[in-house]
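# sequence first, then the predicted structure, then my questions.
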Amino acid sequence: LDKPVLTVHQTLSDVRGTYYQEKTVFLRCTVNSNPPVRFIWKRGNQPIEQSKDNGVDIYEPLYTQGETKVLKLKNLRPQDFANYTCQVSVRNVCDIPDCSVTFLLTNATSPPALRLSVNETLVVDPGKDVTLTCEVTAGNPKPTVSWSRYPGPLPSRAKIQGGTLALRSVTPADSGYYNCTAVNSVGNPAKRNVNLIVRVMRNLTFQITPDLNKDSESIQIGRDLKLSCHVDAQPQDKVNYIWYKNMVAITPSESLIFLRSDPDMAPGTSSLEIVDMKFRDQATYSCMASFPDSAVQELRVDVNITQSSVIPPVLTVPPGGGVVTVWEGSSTELVCLVDGKPRPPIVWSRADKDLPMPSGDWVVETRDGRLRLTNVSRDMTGSYRCQTAPYNGLNIKRREAQVQLNVKFAPIVDPVFQDVRSQSNQPLTLRCAVQKANPPRITWTSWLMNGRPVRSDVSGAQDTLRIDSLRPGTNGTYVCNVSNGMSSSCIFNVSARPYNPEFYYDTPNPIRVQKGNTYSYNLQWTQKEPAAVDQIIGYWINCQSMSSFAQQRETVLSKQINVKEPQKGDLLSYTLTDLRIPMGYEIWITAVTMYGQGDPAYRIIRYSEPYTYLRPSDHVCGFEDERICGFSQDRSDVFDWTRQNQLTQNPKRSPNTGPDKDRSGAKEGYYMYIEASRPRQPGDRARLLSPLYNVTIKGPKGSNRMSYCISFFYHMRGKHIGSLNVLVRVKSIATVDKQVWTLSGSQGPQWKQASLLITPIGPFQVVFEGVRGTGYEGDIAIDDVSVTKGKCKQAVSISNTVLPGGSPALRPLSLDTMLVCALSSLQLFYR
């Protein structure tokens, strides 16, 4: 059960003037939970009931994430300005407590608003301190301000104080969008963001482009030449480029033209175009990139331009390097050699597959043309393309070559492991099939039995082994080793042992309660592949009680039972008796043949009270099982009953209230109780519903309806005890709840029994309703509930007709009271 989130909204059509001078307000409560949650809305401390207040509407909106409940305040009234609480509950499942969230609605309530202290784009040098401030300009209740960053989290060095975010000594890694958000649960959050850019320059590259109009790949006097310079920078559009010739700044002229944004190059590239190159234009050219008015270090690249210093590249694969063969798991390198001036880098990519490189990148750059691979795997097999990079050299048609990588791997065999069962004295054939291998030729095969050689074949053709007769001496583990330079193995576990039984878990009502606080369990199973081995003649069953201490475990049963030869799918059964309530047991069952015992099957059985009753029975529900005999919590009440025993009691529970043990006095015994401590309020109700009981219409000796006896034990100790009510919910044309028993106040420290007789007119449920008293010392408990057909022993008969005029419900009467009533009736009769 997550913490609920409460937000306040109003419709757009209502927005005019200040926020809450409007007619309609929506309080939306959202939560995530498992199992589904139950919502309770409160104004102050009083639950809001839609049927009793025409000014509210409670509903579930469509198309919402999580579980949502909306409280709509219609035609806002003065009494609607109050504290509102959304309380959510999963009814104490797994001891998860209720959660709540509260909001104070006033006539000053308003959504948040923000103002930033800096521009939306902020550019700074690395190493500088940055302070971003979000000022809250509106909002009631006072908004909470938070900071986040995209992409990634806030830097670890970030310090937040109120609406101020401080970054000390920023680096390029701190760049990103910083988002300021103000929230006060009213309307939509207010948001502002700052794009922080920390200046950075790296990876300055150049390109030499011969005269494109002449389709040339070399520098020639009398033709055009273009030099290009590009740097990876942030922000890219703020980079300033300066060109030098022999370390002297170049002045643009008709023969030397600057291109700040070259359309033929990547964005942010500066080019120097030399028109109709002359002999005097042969020189060393330098390109310098910098940020104006910034402390970021400038970058420079030098290019020597002469006819002899610029030679187109030549890319080759060394002799024998076109195909590289290597075993899986080893290391290798692929080589492409490049020659030329200036010598460009080599970039590698996959040639025959639309796949990334082994490193995960689509392209890998190498300065020397050597691609190094480690821990080679078979999926790396294929062709690799090497190409000259389009930068730091001539900008001409790229040279490329290919290298084939061949990865050898051990044979892939089937089966890797197989459990082989067979009847005794029968022939058997084992086969180890090679599905794939590189190289595909198998050079050697050998068979071992229990580690001893059986047969070997250097031709590699013997992938099968025949066992003439399965005997005790030929049972065991057989291994087939297959090699193509590396070995793989097939493993066969050969035996005449029977397979394990398979337990059947869908036995209807496997538990039967016996005398002496014991029960029996109908154990059922089927046999896996019974025809695969010798005839099964019986089963060995072991039953041992469960305990957290090994020395306290007790073996209840250890014996072999005989059976007729089971067939596949036959459902076998055995009834375990004299099992102690509520103890659980570990069961092992093993098939037996003339060969011996097979593989065991294991399971645990636990005592659970039968709860699927179509008709009342003599069964007493002590709530010993988690399914609590089919009882369920009423979803329309305020809180739930709790199942507990002495071992699960909270050591910090309220003293002087509630039972220490269940009705039987056993510390392991469970009971149901209501917890009166916080957050319970006086008058809160918890209802526990019994299963639905069918009824017999005709009673004995011609009476119209059958009578049923409800019997239970109750415990009501504490100075703040409220009330325990018993109701009967009859399913007829309409469902009717009728109170048939009630008791209030402290009744002492002992468990006491109550019995009452009912005559329902249709299928019915018994409802136990606990009402919280004035304080925390008010725990009420019940135990050992039964619903039986016929009259109660020493019970008071209660009619199932509706109480006239809303008169108080009947209580069990003492013998003295009954005697007084009888005498009064006689006096009235004689009068």
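Received it, and whenever you're ready, just let me know what you need. Numbering: from 1, shown residues only.
# who's in contact with the residue nearest to Leu430 when sequence neighbours are not counted?
Residue nearest to Leu430 in three dimensions, not counting chain neighbours: Leu465, with 4.7 Å by CB to CB, 6 or more residues apart in numbering. For the C-beta atoms, the positions are set from N, CA and C on the backbone; glycine is no exception. Contact analysis of Leu465 by CB atoms under 8 Å, 6 or more residues apart in numbering lists 429-431, 447, 454-455, 478, 480.
# for Gly322, same thing?
402-404.
# so which of the residues you listed wins on neighbours?
Tallying neighbours with other CB atoms under 10 Å puts Val403 at the head of those, with 21 neighbours.
# report pLDDT for that one.
pLDDT for Val403: 96.
# that one against Thr325, yeah?
No. Val403 is beyond contact range of Thr325, at 11.6 Å (criterion: CB atoms under 8 Å).
# what are the bridge partners for Cys99, then?
Going by DSSP bridges, Cys99 is paired in beta bridges with Val88.
# that one reaches Leu1, doesn't it?
Yes. Between Cys99 and Leu1 there is a contact under CB under 8 Å: 5.8 Å.
# let me know the secondary structure of Ser469.
coil (DSSP: H, G, I helix; E, B strand; the rest coil).
# for the nearest residue to it once chain neighbours are set aside, phi and psi?
Leaving aside its sequence neighbours, Ser469 sits nearest to Asn425 (CB to CB, 6+ apart; 5.2 Å). Dihedral pair for Asn425: phi 60, psi 20, per degrees, to the nearest 10.
# report pLDDT for Asn425.
Confidence for Asn425, expressed as pLDDT, is 90.
# dump the residue contacts of it.
469-471.
# in stretch 24-36, which residues are buried?
For stretch 24-36, a neighbour-count test (16 or more other CB atoms under 10 Å) marks 25, 27-31, 33 as buried.
# er, stretch 654-670 I mean
654, 657-659, 661-663, 666, 669-670.
# max pairwise distance over those: which two?
Spatial extent of the buried residues of stretch 654-670 (CB to CB) is set by the pair Ser654 and Ala666 at 22.5 Å.
# where do the helices sit along the stretch 251-400 of the chain?
Secondary structure of the stretch 251-400 of the chain, counting by DSSP state H, counting those that start in this stretch: no helices present.
# poorly predicted segments of it, please.
For the stretch 251-400 of the chain, no stretch has pLDDT under 70.
# looking at the protein, which strand is longest?
The single longest strand within the chain, with elements called by DSSP state E, is strand 400-414.
# list the buried ones in that one?
For strand 400-414, the neighbour count (16+ other CB under 10 Å) marks 401, 403-405, 407-411, 413 as buried.
# just stretch 499-508 next, same as before
Buried, per 16+ other CB under 10 Å, within stretch 499-508: 499-501, 503.
# which of those residues lies closest to Gln597?
Using CB to CB, these come closest to Gln597 at Asn500, 10.8 Å.
# the closest one: what's it in contact with?
528, 590-591, 598-601.
# kindly recompute the last result at 7 Å.
528, 598-601 (CB atoms under 7 Å, 6 or more residues apart in numbering).
# those residues: which two are farthest apart?
Going by CB to CB, the pair spanning these furthest: Lys528 and Pro600, at 12.2 Å.
# looking at these two, which is more packed in?
More crowded of Lys528 and Pro600, by other CB under 10 Å: Lys528, with 17 against 14.
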